[in-house]
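S.K.: Structure, please.
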Amino acid sequence: MSTPDPVNRTPVEINLHRSAGILEVKWDDGHVSSFPLSALRESCTCALCQETRRTKPSTPHALPVLGSMERNYPDSIYPIGRYAMGIRWKDAHESIFPYDHLVEICPCDECKTRRAAEAN
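M.R.: So this is what the prediction gives:
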């Protein structure tokens, strides 16, 4: 019996856990990905976010600005065809996350180990 190909995963359920700051995706092969909202927002692949990351290095020890954490909370989550999930954030920014991208960035130990093995 072969192991399901994680690249071809399809989400069957998406749950937002606001109090924990987590977006959970349950995949058709039984795998569950739990994305911290702040990390998901930081991984936005839109041109604006890519340019910002390229020109302004992150400052992990910066002082928090009143209301700045709100940018990491979704206002709405919606499907985009059969290939992606859209998120409109509280600050009105919109991100599109193709499902294959979410599989690529799954933060669980199992996926990190798989990616490391594939890189070698």
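
S.K.: So for the protein, the centremost residue is which one?
M.R.: Central residue of the chain (Cα atoms, centre = their mean): L40, 3.5 Å from the mean position.

S.K.: per-residue confidence at that residue?
M.R.: For L40, the pLDDT comes out at 94.

S.K.: Go ahead and confirm it touches W89.
M.R.: No. Using Cβ atoms under 8 Å, L40 is not in contact with W89; the gap is 9.7 Å. C-beta: built from backbone N, CA, C; applies to glycine.

S.K.: re earlier: what lies in contact with the helix or strand in which the residue nearest to the centre of the chain is found?
M.R.: Using DSSP states H and E, L40 sits within helix 37-42. The contact list for helix 37-42 (Cβ atoms under 8 Å, 6 or more residues apart in numbering) reads 21-23, 53, 58, 71-74, 87, 89, 95, 97, 107.

S.K.: any idea how far E94 is from N72?
M.R.: Distance, N72 to E94, by Cβ to Cβ, to the nearest Å: 14 Å.

S.K.: quick one, which of these two is more surrounded?
M.R.: When neighbours are counted by other Cβ atoms under 10 Å, N72 and E94 differ, and N72 comes out ahead with 17 against 13.

S.K.: roughly how far is the helix or strand following the helix holding L40 from the heart of the chain?
M.R.: Remark: after helix 37-42, the chain's next helix or strand is helix 47-55, criterion DSSP H and E. Remark: helix 47-55 is offset 17 Å from the chain centroid, using Cα atoms, centre = their mean, to the nearest Å.

S.K.: May I have helix 47-55 exported as PDB, CA atoms only?
M.R.: Output in PDB follows, covering the C-alpha atoms of helix 47-55 (Å, rounded to 0.1, in the frame of the first residue of the first chain):
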ATOM      1  CA  ALA A  47       3.300  41.000  -4.900                       C
ATOM      2  CA  LEU A  48       3.000  43.700  -2.300                       C
ATOM      3  CA  CYS A  49       4.000  41.300   0.600                       C
ATOM      4  CA  GLN A  50       6.800  39.800  -1.400                       C
ATOM      5  CA  GLU A  51       8.200  43.300  -2.200                       C
ATOM      6  CA  THR A  52       7.800  44.300   1.500                       C
ATOM      7  CA  ARG A  53       9.700  41.300   2.700                       C
ATOM      8  CA  ARG A  54      12.400  41.900   0.100                       C
ATOM      9  CA  THR A  55      13.000  45.500   0.900                       C
END
